[in-house]
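Asks: I need the structure of the sequence given here:
(one chain, ligands or ions: 1)
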Amino acid sequence: MQTEDSLMRKLHNYLTGFDKSTKPIPFYVDNLFSDDQVARLRGIIEENRKIEPFTIGDRIEDGYIRTSDFRSRYQPKIAKNMSRMLIEFDMPKDCEDTLDNIAKPLYSGDIALCHYNYIDYNLKWGYGDNHPSLPPHLDADENLVTINYCLDTNVEWDLYVGNWNDTGNFTKYSLSAGQTIVFSAVNQIHWRPKRRFNDGEFCEIISMDYCPTDNYRFTGEDNPIDPEKFSLERKKYLDELQSRPDMMAAFKLWNDEGLANGIDVRSM
Ligand SMILES: [Fe+2]
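Replies: The predicted structure is shown next:
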């Protein structure tokens, strides 16, 4: 059994920056997928969309509860509290090869596609009065390389990402339909500005993460900060993260920009 100390060390090992990175990120990739690949991905996603969804985040007095049984990983997940829907699918081999060619050369170590899903940000997935949002965060997983592909959107909703080797400062990237951006979700704080969505507005993203092949997601070990199994470690991790100057700077920018657009700090 691991001591608390060794768990924390293990966790912090992957928050060490870009030592093994081979070139600066973020950067855009033009025409990530071929038209045929996009059509097949869309087809797989739409097929899985027909599965009965699994809803999380229904309101109760003091929080959120899960309302339906979890039956399979392919069930669309409606996160009402975040106004988004997630769909998991099997990545076609040729698409994974395309992604490998981009992600693997960015890291001098063995990494592989470990997690990916389709995300639809849309008012219709929420309660009607909560807007889709993506507050500043670092991924709680060892996602050294993240490829975000905008499958389709009818809104302008920029992505902020921490700068290369200056992760306490941030740059705004537009991500319109068909565009792809590559960044490091465990090393670079990222978020979307607070934005009021109107009925019919949407933003569809396919997010794809690469992590080391010795990560728990490949070995079958426990996640060292699993929220249910290691709640204390999880809390420590989150507390430490929230007190970091770069995270505080990101939240300040997120809130200030919201205020400038007339969105109250607490309302989103
Ligand atoms: Fe993220």
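Asks: could you use CA atoms for every contact and neighbour count after this?
Replies: Noted.
Asks: pLDDT weak spots in the stretch 51-200 of the chain?
Replies: 57-71 (pLDDT under 70).
Asks: now do the strands in it.
Replies: 54-60, 63-66, 77-79, 84-87, 111-122, 145-153, 159-163, 166-173, 180-183, 190-191 (DSSP state E, counting those that start in this stretch).
Asks: out of these, nearest to residue 31?
Replies: strand 180-183 (7.8 Å; Cα to Cα).
Asks: packing partners of the closest one?
Replies: Applying 3 or more Cα pairs under 8 Å, 6 or more residues apart in numbering; DSSP states H and E, one finds that strand 180-183 makes contact with strand 27-29, strand 145-153.
Asks: possible to save those as TSV with mean neighbour count?
Replies: TSV is the format used below for those (neighbours: other Cα atoms under 10 Å):
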stretch	mean neighbour count
strand 27-29	15
strand 145-153	22
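Asks: circling back to that earlier point, okay, the strands of the stretch 51-200 of the chain in CSV with distance to residue 205 next?
Replies: Below are the strands of the stretch 51-200 of the chain laid out as CSV (distance: least, Cα to Cα, whole Å):
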stretch, distance to residue 205
strand 54-60, 19
strand 63-66, 24
strand 77-79, 15
strand 84-87, 10
strand 111-122, 5
strand 145-153, 5
strand 159-163, 12
strand 166-173, 14
strand 180-183, 9
strand 190-191, 14
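Asks: among the ones you listed, which is nearest residue 198?
Replies: Closest approach to residue 198 among those (Cα to Cα): strand 111-122, 8.7 Å.
Asks: on that earlier part again, compile the helices and strands packed on strand 180-183 into TSV and extend it with columns for distance to residue 192.
Replies: Below are the helices and strands packed on strand 180-183 laid out as TSV (distance: least, Cα to Cα, whole Å):
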stretch	distance to residue 192
strand 27-29	17
strand 145-153	13
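Asks: residue 225 and residue 241, how far apart?
Replies: Applying Cα to Cα, to the nearest Å, the value for residue 225 to residue 241 is 13 Å.
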